[in-house]
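[1] model this:
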Amino acid sequence: QVQLVESGGGLVQPGGSLRLSCAASGSIFSIYTMNWYRQGPGKQRELVAGITSGGSTNYADSVKGRFTISRDNVKNTVYLQMNTLKPEDTAVYYCNFNYVRNTDYLRADAWGQGTQVTVSS
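    I've put the predicted structure just below:
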């Protein structure tokens, strides 16, 4: 079993910043990609940012230049630094890990429970 625990969400004014964290624990041998998704009100879940085990990153066009994803492989943790937040960034943010289990060395996916980010004045 793998658990992902997210933290860092909250209410922020437009133009403000937040930093999300997501830490994994459990039967992990290694982690390939770490991703952040979000789902806004009435919208489909979308990929916000991803980072590979080698450190390569990708971002949704809507957050490029404002958000930065990073990871700590020792702590099995991924971060999302969000700057210059806009009301349209309001959503529930989910972390997602693609990892190798240390029980059978097969790949699997895990999801966090979600953390609410609200950008409003």
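[2] how about low-confidence regions in this protein?
    Applying pLDDT under 70 to the chain flags no residue at all.
[3] which residues touch the residue nearest the centre of it?
    Nearest to the geometric centre of the chain sits residue 36, at 2.8 Å (C-alpha atoms, centre = their mean). Listed by C-beta atoms under 8 Å, 6 or more residues apart in numbering, the contact set of residue 36 reads 20, 22, 47-50, 69, 78, 80, 93-96. Yep, even glycine has a C-beta here, placed from its N, CA and C like the rest.
[4] give me that answer again for 10 Å
    6, 20, 22, 47-51, 59-60, 63, 67, 69, 78-80, 82, 93-96, 112 (C-beta atoms under 10 Å, 6 or more residues apart in numbering).
[5] Would you tell me what helix or strand the nearest residue to residue 75 once chain neighbours are set aside is located in?
    Among residues not flanking residue 75 along the chain, residue 23 sits closest, at 6.5 Å (C-beta to C-beta, 6 or more residues apart in numbering). Residue 23 is part of strand 18-26, with elements assigned from DSSP states H and E.
[6] Starting from the following helix or strand past that strand, tell me which strands it pairs with and how they run.
    Moving toward the C-terminus from strand 18-26, the next helix or strand (DSSP H and E) is strand 28-39. According to DSSP bridges, strand 28-39 forms sheet pairs with strand 46-51 (antiparallel), strand 91-101 (antiparallel).
[7] ok now strand 28-39, how far from the chain's centre?
    From the chain centre to the centre of strand 28-39 is a distance of 7 Å (C-alpha atoms, centre = their mean, to the nearest Å).
[8] Distance check, the residue of the chain most remote from its centre against residue 51.
    Farthest-out residue of the chain from its mean C-alpha position, per C-alpha atoms, centre = their mean: residue 104, at 25.8 Å. Distance of residue 104 to residue 51, given as C-beta to C-beta, to the nearest Å: 25 Å.
[9] residue contacts, the residue nearest to residue 69 when sequence neighbours are not counted?
    Excluding the flanking residues, the one nearest residue 69 by C-beta to C-beta, 6+ apart is residue 49, at 4.0 Å. Applying C-beta under 10 Å, 6+ apart to residue 49 gives the contacts 34-38, 57-60, 63-64, 67-70, 78, 80-82.
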